[in-house]
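Chemist: Need coordinates for the below:
(4 chains)
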Protein chains: 4
Amino acid sequence: MMCREKVIEEMKQRVYRANIRLVDEGLIKLTWGNVSEINRELGIIVIKPSGVSYSTMNVEDMVVTDLSGNPIEAGLKPSSDMATHAYLYEQFKTIGAVVHTHSENAVMWAQTGRDVPAYGTTHADHFYGNVPCTRELTVDEIQLDYELNTGKVIVEKFKTEELDPEAVPGVLVKSHGPFCWGETSTKAVDNAIVLEVISKMAKETEILKSLEKIQEIPNYLLDKHYFRKHGKEAYYGQ
Amino acid sequence: MMCREKVIEEMKQRVYRANIRLVDEGLIKLTWGNVSEINRELGIIVIKPSGVSYSTMNVEDMVVTDLSGNPIEAGLKPSSDMATHAYLYEQFKTIGAVVHTHSENAVMWAQTGRDVPAYGTTHADHFYGNVPCTRELTVDEIQLDYELNTGKVIVEKFKTEELDPEAVPGVLVKSHGPFCWGETSTKAVDNAIVLEVISKMAKETEILKSLEKIQEIPNYLLDKHYFRKHGKEAYYGQ
Amino acid sequence: MMCREKVIEEMKQRVYRANIRLVDEGLIKLTWGNVSEINRELGIIVIKPSGVSYSTMNVEDMVVTDLSGNPIEAGLKPSSDMATHAYLYEQFKTIGAVVHTHSENAVMWAQTGRDVPAYGTTHADHFYGNVPCTRELTVDEIQLDYELNTGKVIVEKFKTEELDPEAVPGVLVKSHGPFCWGETSTKAVDNAIVLEVISKMAKETEILKSLEKIQEIPNYLLDKHYFRKHGKEAYYGQ
Amino acid sequence: MMCREKVIEEMKQRVYRANIRLVDEGLIKLTWGNVSEINRELGIIVIKPSGVSYSTMNVEDMVVTDLSGNPIEAGLKPSSDMATHAYLYEQFKTIGAVVHTHSENAVMWAQTGRDVPAYGTTHADHFYGNVPCTRELTVDEIQLDYELNTGKVIVEKFKTEELDPEAVPGVLVKSHGPFCWGETSTKAVDNAIVLEVISKMAKETEILKSLEKIQEIPNYLLDKHYFRKHGKEAYYGQ
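Modeler: Predicted coordinates:
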């Protein structure tokens, strides 16, 4: 077994890189997101610190907590979404990392309160069925222990619909945005990227389905443009 | 107290960087935007110069004016939107910086004359309620003192609807585009970024709400794609 | 007066840079575009060569022609759109440069055959009224002298509607795409950028106008998110 | 004739670069795509390896197979889409390279099961008529030899509609996504880029056609903005 310090250091590096990758992929603006990783043997979680700017954040800023989300080192505070992450780790025993973003296409499904339907194989390659959207939290759930209750409505949704968090590695929280997960922080970020893409594809598919074919260009224009660039009579270069 | 020259120099640097950040974030094309900062103790405003290209602009080009917007140094002219900025500083006593852009999603709400509704928590994290849109200016308001009157319709909107400019740090001017503000130029630019994102999310949420779920892919296709990549029988890699 | 060689060399450099800028701004994919400049005193036009890739093109590849578009140096052939450019220079006496792209938002208006309406001040800052769209070319106009006739339907549109090419520095050719112009190649490219942006804004404005406001988030969710980040009780950082 | 080893090495380099270009052009996220090239004289195909990340992939990872898709060197496995590529090479005798992506605009037409109509000259410059979409595969076709049957429904579509794969260098597989081809891997990637652009343009053209012109800005606002920036009375710079 590797020494505890080395494991924690590597977790910090992976969590840091996963956070930065979300920015590079365009899934995070300003400070709108966070990644964590769990090590169940050591009983620790490593998570992005609270309210730190991505441009100045570094590896050592990552926060180490126990499984309840309490910091076990002096330093920065964990992300305010800590309680959501901790509850997901407690309930979904096989996941190793959690990612939260406000990526715009996933958010727009969350804001309408709709599941993202499986409209194609890009979706099916990664999510086994619809990406579910939770119910709205109640007034009481919002006013007391909001972040913990955010975790609870996610788990409630998976239990009620008998979903497997391994086969459906992400969810939309109504009016809020996506949480994704995976065995590793790399896989969890991959799933956040996938969810953003399939959310966009699904919306655009519904738009396209609602439209009607209109008049195409006339054949003589098609002929002119195609044959000035292709075949024996071609003469065109922009 | 810091010496006046040093304070002004630092204001110029911050205002310069804030302008450049708007370009980097994609909120400004060509010369379509400007940032200013106020120092109420010194009675000065620093603002982007008029009609200077972002690619050749430098820190020393920033223009220093009094609280009425009159330059107090020889050199370039202040942005033509100076009068709008100065009026906002006069009326909104707690703000320290103003940002104007033509960012496309905020503009499209301004062009329809609609407030941006609070459809999710990304919005609620930064704007306490709808982002208001002013009324159209009258012929007279446009023909005489147009830029000053642009400030006046903004303030009129906030007074009429009893909005707090600290809790609602931005506005849409009808048919024109957004003005945002904040304690500092960094915060004001943050708010301009937020307004652009939530403007897009709100539009897309309304689009998605207007659509209907269509037929999902058949289960055997879902099964094939999911299980050729996951589980014991997986064989797929692109 | 500068020597002829020096003037030509500088025209080539400007035309080259203008072409590259269109790629950098995302207005051109593959080889879909071209820029030219005219010097009326010298009686020459400099234009992008035909069918040369942007990644390998260099300044010396720019082609010098007379005012009818005939090359006056040995070397590459001028862009196949030469005849359109030459006719625009002949008819619009005050323009100094022409830009053609297939930028996607301008194309989509061309493909629907609609003028781009002036829905806001971003438009009004650069185009004095709608950006016109030509009629479709006839079979005969397409089959014989297609590129010249493309110039002719543009000029016909401006004459019929009594438009001033200085005040309206661009046009959409039906089913095809935009041509823009200006005093200099920099201004012509600026106008191509503007046309792309206002084409997008106009489409999105019509979309937004067709939608209806839906239910906003409940006040207790707005309160929770706003006040966990702002004011005395704030505790939130992602 | 060049020596076999040199030919293969150059094929590997071209196939590698073509894959990377798809990532750079934004057509591929994660590992969602692959390119192959055939050399009919040597009886070999070179294709992207299965499931290798684009960030760590290098030239030597490209896989060499016979015309049935069986690897003829030790090393990585070919892309799981190998059977589709091999079948297309067998049936379309003149093509030299095949590209598969999940580029989002092409996917959305595939997900609706619609051909992409030829709405403009950007389309006509590269595809001689609609880009066809195949029928859905049957349960049996999906469960047994799925990748081969994907090739078969493509060819079936071209035979049924008497399409020429040289004039129509791409197709949409229903619920899945695009396959494109060309004489060379560069041309095949060009066609994949074109298909993505014209898929977007076609969708947006139908959207725009479904909308109605709304109220433009009043003339006095148009006058104010245009003339504060142009002509004798101009005073404006942002």
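Chemist: Which of the three states applies to the residue nearest the centre of chain A?
Modeler: By CA atoms, centre = their mean, chain A has its centre lying nearest to A:Ala192, at 2.8 Å. Going by DSSP: H, G, I helix; E, B strand; the rest coil, the secondary structure assigned to A:Ala192 is helix.
Chemist: Does A:Val63 touch A:Ile44 like I think?
Modeler: No - in this structure A:Val63 lies outside contact range of A:Ile44 using CB atoms under 8 Å: 10.4 Å. Using the backbone N, CA and C atoms, a C-beta is placed for each residue, glycine as well.
Chemist: So between those two, which is more surrounded?
Modeler: The neighbour comparison of A:Val63 against A:Ile44 (other CB atoms under 10 Å in any protein chain shown) goes to A:Val63, with 24 against 19.
Chemist: Tell me the bridge partners for the nearest residue to the more buried one once chain neighbours are set aside.
Modeler: Computed as CB to CB, 6 or more residues apart in numbering or on different chains, the closest residue to A:Val63 that is not its neighbour in sequence is A:Pro78, at 4.4 Å. As for beta bridges, A:Pro78 partners with A:Pro49 under DSSP bridges.
Chemist: Quickly note the distance from A:Pro78 to A:Gly231.
Modeler: Distance, A:Pro78 to A:Gly231, using CB to CB, to the nearest Å: 65 Å.
Chemist: Give me the more crowded residue out of those two.
Modeler: The neighbour count for A:Pro78 versus A:Gly231, taken as other CB under 10 Å, is higher for A:Pro78 (26 against 11).
Chemist: can you count the residues close to A:Ser103?
Modeler: Residues lying near A:Ser103 (other CB under 10 Å) number 27.
Chemist: which stretches of chain A have low pLDDT?
Modeler: Within chain A, the segments meeting pLDDT under 70 span A:1-2, A:238.
Chemist: what about the closest residue to chain D within it, how many residues close to it?
Modeler: Per CB to the nearest CB, the residue of chain A with the smallest distance to chain D is A:His225, at 3.7 Å. A:His225: 25 surrounding residues under other CB under 10 Å.
Chemist: Return the residues of chain A in contact with chain C.
Modeler: Residues of chain A lying close to chain C (CB under 8 Å from any CB of the partner chain) are A:31-34, A:48-52, A:77, A:79-81, A:100, A:136-137, A:139, A:142-143, A:146, A:175, A:217-218, A:220-221, A:224, A:228, A:235-238.
Chemist: Could you say which helix or strand holds the closest residue to A:Tyr146 other than its chain neighbours?
Modeler: Once flanking residues are discounted, A:Tyr146 sits nearest to C:Lys224: 5.9 Å by CB to CB, 6+ apart. Per DSSP states H and E: C:Lys224 is located in helix C:219-229.
Chemist: So what touches that helix?
Modeler: Outside helix C:219-229, the residues that touch it by CB atoms under 8 Å, 6 or more residues apart in numbering or on different chains are A:80, A:136-137, A:139, A:142-143, A:146, A:175, B:118, B:121, B:124-129, B:167, C:216, C:233-236.
Chemist: Specify the local secondary structure of A:Leu208.
Modeler: Here A:Leu208 is recorded as helix under three-state DSSP.
Chemist: one step back: drop anything exposed from the contacts of helix C:219-229.
Modeler: Using 16 or more other CB atoms under 10 Å in any protein chain shown as the burial test, the contacts of helix C:219-229 include A:80, A:136-137, A:142, A:146, A:175, B:118, B:121, B:124-129, C:216, C:236 as buried.
Chemist: where do the helices sit along chain A?
Modeler: Secondary structure of chain A, counting by DSSP state H: helices at A:4-24, A:82-91, A:104-112, A:121-124, A:139-143, A:146-160, A:185-210, A:219-229.
Chemist: Can you redo these as CSV, where the extra columns are distance to C:Ser185?
Modeler: Converted to CSV, the helices of chain A look like this (distance: least, CB to CB, whole Å):
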stretch, distance to C:Ser185
helix A:4-24, 34
helix A:82-91, 54
helix A:104-112, 36
helix A:121-124, 42
helix A:139-143, 57
helix A:146-160, 55
helix A:185-210, 36
helix A:219-229, 26
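Chemist: Spatially nearest residue to the one residue in chain A that gets nearest to chain B (excluding sequence neighbours)?
Modeler: Nearest residue of chain A to chain B: A:Ala124, at 3.7 Å (CB to the nearest CB). Among residues not flanking A:Ala124 along the chain, B:His225 sits closest, at 3.7 Å (CB to CB, 6+ apart).
Chemist: How about A:His126?
Modeler: Once flanking residues are discounted, A:His126 sits nearest to A:Val194: 4.5 Å by CB to CB, 6+ apart.
Chemist: so the one you found sits right up against A:Phe127, yeah?
Modeler: Yes - in this structure, A:Val194 is within contact of A:Phe127 by CB under 8 Å, at 7.3 Å.
Chemist: Next up, the contacts around A:Pro178.
Modeler: Contact analysis of A:Pro178 by CB under 8 Å, 6+ apart lists A:His100, A:Thr101, A:Ser103, A:Ala106, A:Val107, A:Ala110, A:Gly170, A:Val171, A:Leu172, A:Ala192, A:Leu195, A:Glu196.
Chemist: ok, the second one - how many residues close by?
Modeler: By that I understand A:Thr101. Neighbourhood size, A:Thr101 [other CB under 10 Å]: 27.
Chemist: residue contacts, it?
Modeler: The contact partners of A:Thr101, taken as CB under 8 Å, 6+ apart, are A:Leu22, A:Leu27, A:Ile28, A:Trp32, A:Gly33, A:Gly177, A:Pro178, A:Ala192, A:Glu196.
Chemist: what do you get if the cut-off is 6 Å, keeping everything else the same?
Modeler: A:Leu27, A:Ile28, A:Gly33, A:Ala192 (CB atoms under 6 Å, 6 or more residues apart in numbering or on different chains).
Chemist: any idea how far the last one lies from chain C?
Modeler: So that's A:Ala192. For A:Ala192, the distance to chain C equals 14 Å [CB to the nearest CB, to the nearest Å].
Chemist: tell me the contacts of that residue?
Modeler: With contact taken as CB under 6 Å, 6+ apart, A:Ala192 is in contact with A:Leu27, A:Val99, A:Thr101, A:Cys180.
Chemist: Can you check those and name whichever has the most neighbours?
Modeler: Of all the contacts of A:Ala192, A:Val99 has the most neighbours under the rule other CB under 10 Å, reaching 32 neighbours.
Chemist: Just to check, that residue is in contact with A:Cys180?
Modeler: Yes - A:Val99 is within contact range of A:Cys180, at 4.8 Å (criterion: CB atoms under 6 Å).
Chemist: got any residues that touch both of these two?
Modeler: Counting by CB under 6 Å, 6+ apart, the residues touching both A:Val99 and A:Cys180 are A:Ala188, A:Ala192.
Chemist: Close to chain B: what parts of chain A are there?
Modeler: Residues of chain A that fall close to chain B, judged by CB under 6 Å from any CB of the partner chain: A:29, A:102, A:104, A:107-108, A:111-112, A:117-118, A:121, A:124-125, A:128, A:175-176, A:203, A:206, A:209.
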